[in-house]
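Asks: I'd like to go over a predicted model; first the sequence, then the structure.
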Amino acid sequence: MSTDTLAPESSVTVPTARLTGLAVTMPRVIKSEWIKFRTVRSTVITVLAGVFIIIALGALAAAVASGAVAQPTGPGGGGGGGFANGSDPTATSLAGSVLAQLIFAVVGVLAITNEFSNGMIRTYFAAVPQRLPVLWAKVIVVGVLVSVVSVLASFVAFFLGQAIMSSGVTPADPGVLRAVIGSGLYLGGIAVLGVAVGSLLRHTAGTISLLIASLVIIPQLIGALLPSSWVDTITPYLPSNAGAAFTSVTPTGSLLSSGAGAAVFVAWIVVLLGVAAWRMQHKDA
Amino acid sequence: MDDDIEAPRRHAERYEHLGQHTMIVVKNVTKRFGDTLAVDNLSFEVKPGLVTGFLGPNGAGKSTTMRMILGLDRPTSGEITINGRRYADQVAPLHEIGSLLEARAIHPGRSAYNHLLALATTTGVPRSRVDEVLDVVGLTSVAHRRAGAFSLGMGQRLGIAGALLADPEVVMLDEPANGLDPEGIVWIRTLLQSLAAAGRTVFVSSHLISEMALTADHLIIVGRGALIADLPVSELTNGVTDVVSVRSPAARELRSLLLDDGVQVTSADDPEELEITGLTAEQIGRRAFDARIPLYELSPHAVSLEQAFMDLTHESVQYISGSEQKAAA
C-alpha cells in the first residue's frame, strides 16, 4: 500500500454498480466453490499427490509382483480387501488406492473444516443464508473433481501395471472395468465422506483422525476384539469393505456382492450427509 | 459521480413499496447461550441516510446481535428484518446488506482478489466490481498477494471491500476501526459518512464513544445485552449537568450565598474548595463579585462524552478490575 492511497480525503467515493440479477443460485454457488477450491495451492498439491500415489504405488506394486513371479503374497488382510489382494493383477495395479483414500479424505475434510476454523464459513453463510447450497456445492465440486481425477489415474495405473507385469489382463475381462472405474469412484466417495464428517465435527484434526480410524484401524481392530460371529456380520458393512466389494474384480467370500457393496457405501455417504445437512441448517454457525 | 447524486432518490424509490424507511428492525430479540443471557429483549431500528453507532462495553452483546441480523445465530425469541424481510428469505442477501464481522475470516493461502471473486460469484457480481472495491479500500497493489500475510488493518480493508461488493443498501460493520492506523481511522470515518450521505443505511459497532462521537449521527447503546439508550449523538450529553469548581478563602460564606433550589454544593477535602452544580460559572462569578467574595479559582468542567457513556453503562460493565470494584464500593 502506498501512502497516497491512505491519505485522508474529505469524502470517499464508492462507485455504485447498478448491478442487477443478483439472486443467489445453485450454479453460482457451485462456481464460487470451484473458485475457492482451485485458488488455494495446498488443495491443488494434495490432489496431485493423490494422483501420483495411485499411479506410482500401482507401478511399484506391479514391479514387485513381476519380480516375485506369480507367487501370491497371501490372502489379503480383512481391512484392505481387494486392494491388498496381491494375487490379482488388477488389484495389484490399483494398490495405490489404499493410501490415496486417506489423501482424498483430507481434501474433502479441508474443503469445509478450514472455513470453520478461519471463520470464512460465516462470511459464506451470510452470502448464502439458506446454507445448504454451500454444502451441496462443496459435495459436487469435491466429489466430481476427485472422482474424475481418480478414475483417470486408476486407468493409468491399471494399464501401466499390466504392462509392467505383462499380465495380459484387459478391461474387457469380467469385472475388470468395474473394478478400475469403481476404484476411482470409491475415492470420490471417500472425499465426499470427508466433507460430510468435516461439516459435522467442524475441526480438521478430529475429523481426519476419525476418518483414518474408521477407514483403516477399526476394520482391523474389529477382527481382534469381537467374537467371530459378530465380525462376519459387521465387517462387510464397514465403508472400506463395502468399497472393496466393488473395487475388486472378484470380491472374496467375506465381502458383499459388488452391487450390495456399492449400495452400502452410498448409504454411508447419504446418511452422514443427511446428518451434516441437518446440523448445518439448525445450529448456529 | 452522477450515480452518487442520484443514489438517495433511487434508494427511496426502491423501498417506497415497503411503506417504511427503516432498514434494520430488531424486535424483542433475546438470545441465550445455555445459562448465559447474551441479548435481553432488545428492540431498535436503524434508519437510512445516517451513520448509526452500536455502542457498548465489551461483552454487551453487540457482535451476537449483528450475527443474529445476518442469520448466523438464531434468536431464542424475537424477530429481525432487513429491508422488510427476514435474512433467510433474502433473494440477493449481499445486495441488501454488506457486512464485516471478522476481519481475519480469510483463507491465509488465498489472495484478496480470489477471496472477493469467490464471494462475488455466489450472487453474480462481475469481476470488474471486484477490482472496483479493491480500489475503494486501497488494496489494489496487494490484490494478488496471499491474504495470510496481511496486517489486521489490511484485513479490515479487505473485509470492508467484501461488504461493499454487491452495492448494498445497508452496510453493517463490527468494530471496523480495530487495527487501523490513525489515517485508516479517518478514512473509515469518511467512508461511513459518505455512504450515509448517499442514502445508505450504515450500522457500525464500537466500544469507543470517542470514535463514535466523531463518526455517528445516532447511537444505540447496549449493556449486558439490553438497550440502555437510543438517541442522536448530540443528545448524549444533555441532561448530564456540568460541574463548576470554585476555590475561595470565604468558602463557607459563598456556600450559603449560592445554596438555592436546584443548586447543589459539595465541599472537597480542601475547605477552600467547592463543587457546584446547577449554576453556570458566570452566575457564580457575578454573585461572588456582588457579595465582594474573592475567588481564586472558577473552572467549569464539561462532562466528557466518556463520562456520560460510563455513567450510562457503568451498571452493565461485565469485566471490572479489582481496584475499580474497591473504588466503587
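Replies: In hand now; what should we look at?
Asks: Tell me the buried residues in stretch B:258-274?
Replies: Of all the residues in stretch B:258-274, those buried under the rule 16 or more other C-beta atoms under 10 Å in any protein chain shown are B:Leu258, B:Val265, B:Glu272, B:Glu273, B:Leu274. No exception for glycine: its C-beta is placed from N, CA and C like everyone else's.
Asks: And the residues you listed, which is closest to chain A?
Replies: Set against chain A, the nearest of the buried residues of stretch B:258-274 by C-beta to the nearest C-beta is B:Glu273 (43.0 Å).
Asks: and the closest one, what are its phi and psi?
Replies: In terms of degrees, to the nearest 10, the main-chain angles of B:Glu273 are phi -110, psi 140.
Asks: same question, A:Thr46
Replies: phi -60, psi -40.
Asks: how far away is it from chain B?
Replies: 12 Å (C-beta to the nearest C-beta, to the nearest Å).
Asks: So for chain A, the centremost residue is which one?
Replies: A:Ala191 (2.2 Å; C-alpha atoms, centre = their mean).
Asks: Look at the residue in the stretch 201-329 of chain B positioned nearest to chain A and tell me its secondary structure.
Replies: Here the stretch 201-329 of chain B gets closest to chain A at one residue, B:Val202, 11.3 Å apart by C-beta to the nearest C-beta. Following DSSP: H, G, I helix; E, B strand; the rest coil, the label given to B:Val202 is strand.
Asks: ok, back up a step: gap between the residue nearest to the centre of chain A and B:Leu279?
Replies: To B:Leu279, A:Ala191 is 78 Å away according to C-beta to C-beta, to the nearest Å.
Asks: Could you give me the buried positions within the helix ranked longest in chain A?
Replies: The residue-count maximum for a helix in chain A (DSSP state H) belongs to helix A:132-165. For helix A:132-165, burial by neighbour count (16+ other C-beta under 10 Å) applies to A:133-143, A:145-147, A:149-151, A:153-158, A:160-162, A:164-165.
Asks: for it, packing partners?
Replies: Applying 3 or more C-beta pairs under 8 Å, 6 or more residues apart in numbering or on different chains; DSSP states H and E, we find helix A:132-165 packed against helix A:26-38, helix A:41-67, helix A:89-93, helix A:97-118, helix A:120-127, helix A:176-201, helix A:258-282.
Asks: If we use 6 Å, what do you get?
Replies: helix A:26-38, helix A:41-67, helix A:89-93, helix A:97-118, helix A:176-201, helix A:258-282 (3 or more C-beta pairs under 6 Å, 6 or more residues apart in numbering or on different chains; DSSP states H and E).
Asks: tell me the pLDDT at the residue nearest to the centre of chain A?
Replies: pLDDT, A:Ala191: 97.
Asks: what's stretch A:268-282 in contact with?
Replies: The contact list for stretch A:268-282 (C-beta atoms under 6 Å, 6 or more residues apart in numbering or on different chains) reads A:Arg131, A:Leu132, A:Leu135, A:Gly189, A:Val192, A:Leu193, A:Ala196, A:Ser199, A:Leu200, A:Pro239.
Asks: From those residues, list just the buried residues.
Replies: Applying 16+ other C-beta under 10 Å to the contacts of stretch A:268-282 flags A:Arg131, A:Leu135, A:Gly189, A:Val192, A:Leu193, A:Ala196, A:Ser199, A:Leu200, A:Pro239 as buried.
Asks: And the contacts of stretch B:57-73?
Replies: For stretch B:57-73, the surrounding residues in contact (C-beta under 6 Å, 6+ apart) are A:122, A:125-126, A:129, A:284-285, B:31, B:38-39, B:54, B:56, B:75, B:80, B:87-88, B:99, B:174, B:205, B:207, B:222-223, B:225, B:313, B:317-318.
Asks: Give me every residue in the stretch 1-150 of chain A lying close to chain B.
Replies: Residues of the stretch 1-150 of chain A lying close to chain B (C-beta under 6 Å from any C-beta of the partner chain) are A:1, A:5-6, A:8, A:11-12, A:14-17, A:19, A:21-24, A:28-29, A:31-32, A:35-36, A:39-42, A:118-120, A:122-123, A:125-129.
Asks: helix/strand/coil for B:Val265?
Replies: Under three-state DSSP, B:Val265 comes out as strand.
Asks: ok, now which ones touch it?
Replies: Residues in contact with B:Val265, defined by C-beta under 6 Å, 6+ apart, are B:Arg255, B:Leu258, B:Leu259, B:Leu274, B:Ile276.
Asks: Show me those residues that map onto strands.
Replies: Under the assignment DSSP state E, the contacts of B:Val265 contribute B:Leu274, B:Ile276 to strands.
Asks: how close does the nearest residue to A:Val156 once chain neighbours are set aside get to A:Ile140?
Replies: Distances taken as C-beta to C-beta, 6 or more residues apart in numbering or on different chains place A:Ile55 nearest to A:Val156, at 5.3 Å, with adjacent residues excluded. Going from A:Ile55 to A:Ile140 by C-beta to C-beta gives 25 Å.
Asks: One more: B:Ala216?
Replies: Distance from B:Ala216 to A:Ile140, by C-beta to C-beta: 44 Å.
Asks: How about A:Leu201?
Replies: 21 Å.
Asks: One more: B:Arg129?
Replies: Per C-beta to C-beta, B:Arg129 is found 26 Å from A:Ile140.
Asks: Return the residues of chain B in contact with chain A.
Replies: Residues of chain B found near chain A (C-beta under 6 Å from any C-beta) are B:3, B:7, B:70-73, B:87-88, B:90-95, B:99, B:102, B:105, B:107, B:109-110, B:114, B:117-119, B:121-124, B:129, B:132, B:136, B:138, B:164, B:166-167, B:183, B:186, B:190-191, B:194.
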